[in-house]
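Participant: below are the sequence and a predicted model; questions follow.
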Amino acid sequence: MSGRAAMRIAGLEAGYGREAVLRGVDFSPEPGALTVLAGANGSGKSTLLRVMAGLLPPRAGTVSFGGQALYALPRRARARIVGYFPQTRPVPDMTARTLIAHGRYPRLRFAGALTARDRAQIAHAAAVTRTEEFLDENVIELSGGQRQRVYLAMLLAQDTELLLLDEPTAFLDIRAQMDVLEIVADLRRAGKTVVTALHDLQQAFSFADRVALLEEGSVLFEGPPDSPAAAAGVLRALGVSIRPGDPGALFRYTLARAEAGAAGEETPQAEC
């Protein structure tokens with residue numbers, strides 16, 4: 001994995017209006033790994049993803065990919081490097097096939113026509129996300145889980161090195177959540193670098209190669225989910241205890257109430 005391009009963020013400050021949401025963030029997701037952003041609501045997970053996607057310019061600090069300053073690149077060039085899956089979006093009145101094809105737009109030539117290579121990438125994206133059976137159905141008529149898989153297929157068709165997902169399991173039933181998480185894990189196994197925000201801690205720790213825990217706009221911890229410092233960070237930031245459970249369970253980590261006096265016993269060290 002050492003030969004792959006990496007995104008590096010140093011001294012980042014970003015926010016909206018006069019409010020700074022992120023402060024002094026240093027973060028470099030490991031190439032080829034699935035990194036999950038975890039933390040309380042308002043801790044800065046979505047804002048960090050928007051900065052990484054090139055949608056929210058930093059007020060201070062640097063954001064680079066492969067040694068290039070991300071925000072110095074033209075928009076189409078950024079879209080060939082980073083793919084972004086927002087938490088919410090309007091539902092378009094078009095077929096799933098057409099929506100997936102939109103992922104190829106950053107790579108189309110001036111004429112705008114799909115090439116054989118474009119069509120092959122679209123077919124591959126549909127196969128990986130298991131959306132082939134409803135490619136010709138209108139996106140409006142699909143279930144929430146099917147729709148999320150189509151959006152993932154559009155992202156995969158974009159064929160970027162780095163995939164950023166903001167709460168891809170939000171508003172889905174448990175079966176649809178598992179379908180989406182399995183596809184996300186497949187993308188990482190296929191060699192993509194994936195960074196996703198997940199609200200559910202059990203899902204985050206069970207599926208992640210690495211966890212980045214945010215607290216009040218800063219990265220409190222970044223490292224493997226089975227690290228004692230990760231558990232200490234969850235206890236400090238969220239006031240709950242997380243620990244490995246049954247390896248054969250749906251989710252391999254369990255949550256428990258923090259014992260009285262436990263919070264603050266250990267201060268985790270970031271591993272950025």
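Facilitator: Yes, it's here.

Participant: hey, let's count contacts and neighbours off CA atoms from now on
Facilitator: OK.

Participant: in contact with residue 132, which residues?
Facilitator: Contact partners of residue 132, counting by CA atoms under 8 Å, 6 or more residues apart in numbering, are residue 126.

Participant: if I look at it, how far off is residue 119?
Facilitator: 13 Å (CA to CA, to the nearest Å).

Participant: over to residue 128?
Facilitator: For residue 128, the distance to residue 119 - CA to CA - is 14 Å.

Participant: between the two, tell me which one has more neighbours.
Facilitator: Applying other CA atoms under 10 Å to residue 128 and residue 119 shows that residue 128 carries more neighbours, namely 18 against 14.

Participant: the lowest-mean-pLDDT helix or strand in the chain pairs with which strands, parallel or anti?
Facilitator: Each helix and strand of the chain was given a mean pLDDT (mean pLDDT, DSSP states H and E); the minimum falls on strand 253-257 at a mean of 87. Sheet pairing of strand 253-257 (DSSP bridges) gives strand 240-244 (antiparallel).

Participant: buried stuff in stretch 105-118?
Facilitator: Across stretch 105-118, burial judged by 16 or more other CA atoms under 10 Å covers 105-107, 114, 118.

Participant: quick one: mean pLDDT over the host helix or strand of residue 235.
Facilitator: Using DSSP states H and E, residue 235 maps to helix 228-238. Helix 228-238 comes out with an average pLDDT of 93.

Participant: next, the buried residues of that helix.
Facilitator: Result for helix 228-238 [16+ other CA under 10 Å]: buried residues 229-237.

Participant: so which elements touch it?
Facilitator: strand 34-39, strand 210-215, strand 218-223, strand 240-244 (3 or more CA pairs under 8 Å, 6 or more residues apart in numbering; DSSP states H and E).
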